[in-house]
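Student: The amino acid sequence is not available; the structure is as follows:
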C-alpha cells in the first residue's frame, strides 16, 4: 500500500496542472512591479503566518522567524556555518574578534565592530548588546530570558565598543548563545526598545534592520514577505563580502508539496525549502535547471541534526541498556533508509551527525574502535558493528540509479555514510533474556509478566520521512514478537516530547554546529542538572532524560576547556564511546533536507562541490548565499 501511494504521489507531480502563479513569474499576490531579474523567491517553511505583522523575535507571540526576519534583517555577534563558510566556518559578525574569557571562564569580553549601522541610520554599539540582555532578563518570558538570567550576573559596556559579561558560574561556551547556527540571541535596537513600555507586547512593526535587507512589504494574511537591499548595504556585516546579488527577496507560502514542485517547474519558485523524496526525484527527472545539494542521487542536504529512536529512559522498560541495545539489533537500517528516504540518507551509527566537519573529526577516526567494540549478551561476546552497510545501500541502489551512485568509497561514505549495527535477532533475544524478559508463543513478555508494548511516536504528515522511518521500525519490532505500535502525534509532538509523554519517538536530541567540531550545541544540555523529574517539562534537547555520572564528568570537563582547544574533541570522542555503550538513543541518519534550487533566474547556489554555506532557506546562515548569487545570463 505504501509503495502504491508513493507512485500516485509521483504521478500527480508529473501531471502538467495549471499553476497558481502569474505568467510574469511572480508568486500570486506579490507586487508585480518588481522586476523578476532582481527578485529571488524562496519558500518560507512556516507556511502562511497567522500573526503576519509581528516582527518582535525577542517576544514569543506566534509571529514568523523564517520569513526573512532572522535570515536578512537581524544580526548577532558570531556565526558558525554548518558547511565551510565564505571564509572559514567561524565568522566574527557584529563582534570584531572571538570571545575573550578570563582564566576560569567566569567573565567574557566582547569587542564589537565599528561602522555598522541600523537601517534608520543609528550606529550599532555595545549599548545595543547590553540592552538585548538586560531587557530580556527584566522581562521574564521573552524568548531568551531564561538562558540569559541563568547565566549572567551582570553585563556592562565600559565604552561604545566593548561589552563585559560576568557569569554566575564558569562557562567556556557562553558565547554559543550569541552564535548563529540556525538562530541565536539576536541583537535588538536599544534606541527603539527604550521607548517601548512593554517589550513583550511590542510588535516591532516596521522592523529596524541590522542586516543587509529591510522590509519592503508583506501580505497582511501572511502568505508573503518582501525584503529590499539597503542602499547602505556596505554598512552591514554582510557588506564585507560584497554586494548581494538579489535586490529583492520574497519569502512565500507556495502551498502544498505538489504546488511547490509545479512552481519550480514553471520557474516561479527559486528555492524550495524541503520536499518529499518523490518530489525531488520528479524535479530531477523533469527540470534541466533544478539543482540540489548533490548533483545526483541522493540529492538532499544532510543537516547537522541526527534523527534517532529516542527512548524515554525514565520509563522502567528502557532503563536497562541491554534492552535498548536489543531493540537496536532488531533494526535493519537499510530498510529504514529505503522507507524514509528511498535510500537517499546518510546513515550514522554514532551520536554525531555525519555532516560538516564531523566525518573527519569523529566518524572516520573512531571506526577502528567501532570495529573492535564488543557487547556481552549474557551468553557470549560479539562485535555488532558492520562497516560495509553504507556501501551495501549504494550497491542496492546502483541497478536502478546507475551512474548517479558513486563508486569511489570516499564518495559513498560521504553520501550514504559508513557502517551501522548488524541486524541480529539472536543477539537481541539473548540481551532481552539477560534483562529478565521472556518469549512466550512468539511474543515478548516483560519481567513483571506483561506484554512488551512499545509506542513509537511520529509526527504524521507534518514530517513524512520520520513517520515512514518510525513505521518501518515498528514493523521490524513486531516481526520479532514485540507489541510495537505507531503513535501519530501530528501537531502535539513538541508538547508531548517536552512532557515526556512517550515510550520512544522518531526525532532528534542531537544538533551540532556542523562546521565546527565542538559538540556543545547539544551536549551541555544533556547534563543531569537539566533532567526534569518524571511528569515535569524537560528543558531543550535531552528529550531522552538520560542521566549518567560518566557523561556529567565529560560535560563538566568540557566547560573548563576553551572552545577551540583540541582537548574538547577528545572529550567529544569520550562522549561518542559512552553513547555507543549505553545506547540512550538509537542513531539512524542525518536529517536530509531536499532543498531544490532553480537556476533559471539565479546562479551560484551552494552545493556539495561548492559548500560555502547551507542552502536551506530558513537558516540564519543562508544570508551568505545572497552575496554569491548572480543573475542568470
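Tutor: Alright, I've got the coordinates. These figures come from a predicted structure and were not determined experimentally. Numbering: from 1, shown residues only.

Student: Now do stretch 227-246: everything it contacts.
Tutor: Stretch 227-246 has contacts (Cβ atoms under 8 Å, 6 or more residues apart in numbering) with 38-40, 68, 72-73, 75, 86-87, 93-94, 113, 115-117, 119, 209-216, 247-251, 602, 604, 623-624, 626-631. Placement of C-beta: from N, CA and C, glycine included.

Student: Which strand or helix spans residue 572?
Tutor: helix 566-582 (DSSP states H and E).

Student: now the next helix or strand after that helix, how far from the centre of its chain.
Tutor: As assigned by DSSP H and E, the chain's next helix or strand after helix 566-582 is strand 585-587. Remark: strand 585-587 is offset 16 Å from the chain centroid, using Cα atoms, centre = their mean, to the nearest Å.

Student: same question, stretch 208-217
Tutor: 25 Å.

Student: Same check on stretch 281-289?
Tutor: That offset, for stretch 281-289, works out to 26 Å (Cα atoms, centre = their mean).

Student: what is the rounded mean pLDDT of that stretch?
Tutor: Stretch 281-289 shows a mean pLDDT of 96.

Student: Find the nearest non-adjacent residue to residue 369, please.
Tutor: In space, residue 369 comes closest to residue 577 once its chain neighbours are excluded; the distance is 6.7 Å by Cβ to Cβ, 6 or more residues apart in numbering.

Student: got a pLDDT number for the one you found?
Tutor: So residue 577 comes in at 98 (pLDDT).

Student: again with residue 13
Tutor: 37.

Student: for residue 61, same thing?
Tutor: Looking at residue 61, the pLDDT reads 77.

Student: just residue 2 next, same as before
Tutor: Reading off the model, residue 2 has pLDDT 36.

Student: My read is that the residue nearest to residue 369 contacts residue 366, right?
Tutor: Yes. If you go by Cβ atoms under 8 Å, residue 577 and residue 366 touch, sitting 7.4 Å apart.

Student: who has more neighbours, the two?
Tutor: residue 366 (20 against 16; other Cβ atoms under 10 Å).

Student: Just say helix, strand or coil for the more buried one.
Tutor: At residue 366 the chain is in helix, as set by DSSP: H, G, I helix; E, B strand; the rest coil.

Student: Let me see the contact set for it.
Tutor: Here residue 366 is in contact with 350, 573, 576-577 (Cβ under 8 Å, 6+ apart).

Student: quick one: which of these is nearest to residue 161?
Tutor: Lowest distance from residue 161 to the contacts of residue 366 (Cβ to Cβ) belongs to residue 573, with 38.7 Å.

Student: so who does that closest one touch?
Tutor: 362, 365-366 are the contacts of residue 573 under Cβ under 8 Å, 6+ apart.

Student: again, 10 Å this time
Tutor: Applying Cβ atoms under 10 Å, 6 or more residues apart in numbering to residue 573 gives the contacts 350, 352, 361-362, 365-366, 369, 519, 554.

Student: for residue 401, same thing?
Tutor: 296-298, 343-344, 394.

Student: Throw those residues into CSV and include pLDDT, secondary structure and distance to residue 290, thanks.
Tutor: Output for the contacts of residue 401, formatted as CSV (pLDDT from 0 to 100; DSSP: H, G, I helix; E, B strand; the rest coil; distance: Cβ to Cβ, whole Å):
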residue, pLDDT, secondary structure, distance to residue 290
296, 86, coil, 12
297, 86, coil, 14
298, 86, coil, 15
343, 94, coil, 20
344, 91, coil, 15
394, 96, helix, 23
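
Student: Tell me the buried residues within these.
Tutor: 297-298, 343-344, 394 (16 or more other Cβ atoms under 10 Å).

Student: Any figure for the gap between residue 541 and residue 554?
Tutor: 16 Å (Cβ to Cβ, to the nearest Å).

Student: next one: residue 73
Tutor: From residue 73 over to residue 554 (counting by Cβ to Cβ), the distance is 38 Å.

Student: Neighbour count: the two, which is higher?
Tutor: residue 73 (25 against 20).

Student: Give me the below-cutoff pLDDT ranges for the stretch 151-300 of the chain.
Tutor: Within the stretch 151-300 of the chain, no range satisfies pLDDT under 70.

Student: Mind jotting down where the helices sit in it?
Tutor: Ranges of helices within the stretch 151-300 of the chain are 190-193, 257-265, 277-286, based on DSSP state H, counting those that start in this stretch.

Student: With distance to residue 54 added, can I get the ones you listed in JSON lines?
Tutor: Output for the helices of the stretch 151-300 of the chain, formatted as JSON lines (distance: least, Cβ to Cβ, whole Å):
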{"stretch": "helix 190-193", "distance to residue 54": "15"}
{"stretch": "helix 257-265", "distance to residue 54": "25"}
{"stretch": "helix 277-286", "distance to residue 54": "31"}
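
Student: now those helices in a markdown table, with mean neighbour count and distance to residue 315?
Tutor: Shown next, in a markdown table, are these (neighbours: other Cβ atoms under 10 Å; distance: least, Cβ to Cβ, whole Å):
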| stretch | mean neighbour count | distance to residue 315 |
| --- | --- | --- |
| helix 190-193 | 18 | 44 |
| helix 257-265 | 22 | 35 |
| helix 277-286 | 21 | 32 |
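
Student: right, so of the ones you listed, which gets closest to residue 536?
Tutor: helix 190-193 (33.0 Å).

Student: so what's the residue lying farthest from the centre of the chain up against?
Tutor: No residue in the chain sits farther from the centre than residue 441, which is 43.0 Å out by Cα atoms, centre = their mean. Applying Cβ under 10 Å, 6+ apart, we find residue 441 in contact with residue 481.

Student: try 8 Å
Tutor: By Cβ under 8 Å, 6+ apart, residue 441 has no neighbours at all.

Student: Quick check: the gap between it and residue 451.
Tutor: Distance from residue 441 to residue 451, by Cβ to Cβ: 11 Å.

Student: Which residue is the nearest non-sequential neighbour of residue 205?
Tutor: residue 53 (4.8 Å).

Student: Quick check: phi and psi on that neighbour?
Tutor: Residue 53 adopts backbone torsions of phi -90, psi 10, taken as degrees, to the nearest 10.

Student: And the pLDDT for it?
Tutor: 97.

Student: Give me the neighbour count for it.
Tutor: Around residue 53 there are 13 residues (other Cβ under 10 Å).

Student: what do you get for residue 356?
Tutor: Residue 356: 27 neighbours (other Cβ under 10 Å).

Student: Might you report the residue contacts of it?
Tutor: Here residue 356 is in contact with 82-83, 89, 304, 512-516 (criterion: Cβ under 8 Å, 6+ apart).

Student: go with 10 Å
Tutor: 80-84, 89, 302-304, 512-517, 590, 611, 614.

Student: and the gap between it and residue 511?
Tutor: From residue 356 to residue 511 the distance is 12 Å (Cβ to Cβ).

Student: Residue 261 now?
Tutor: 28 Å.

Student: tell me, which strand in the chain spans the most residues?
Tutor: strand 152-159 (DSSP state E).

Student: mind listing what residue 97 touches?
Tutor: 78, 109-113.

Student: least trustworthy helix or strand in this structure by mean pLDDT?
Tutor: helix 2-14 (a mean of 36; mean pLDDT, DSSP states H and E).

Student: right, and the helix or strand after it?
Tutor: strand 39-43.

Student: Counting by contacts, list what that next one packs against.
Tutor: With contacts defined as 3 or more Cβ pairs under 10 Å, 6 or more residues apart in numbering; DSSP states H and E, strand 39-43 has these neighbours: strand 224-229, strand 248-252, helix 257-265, strand 271-272, strand 596-598, strand 602-603, helix 623-626.

Student: Much appreciated, bye for now.
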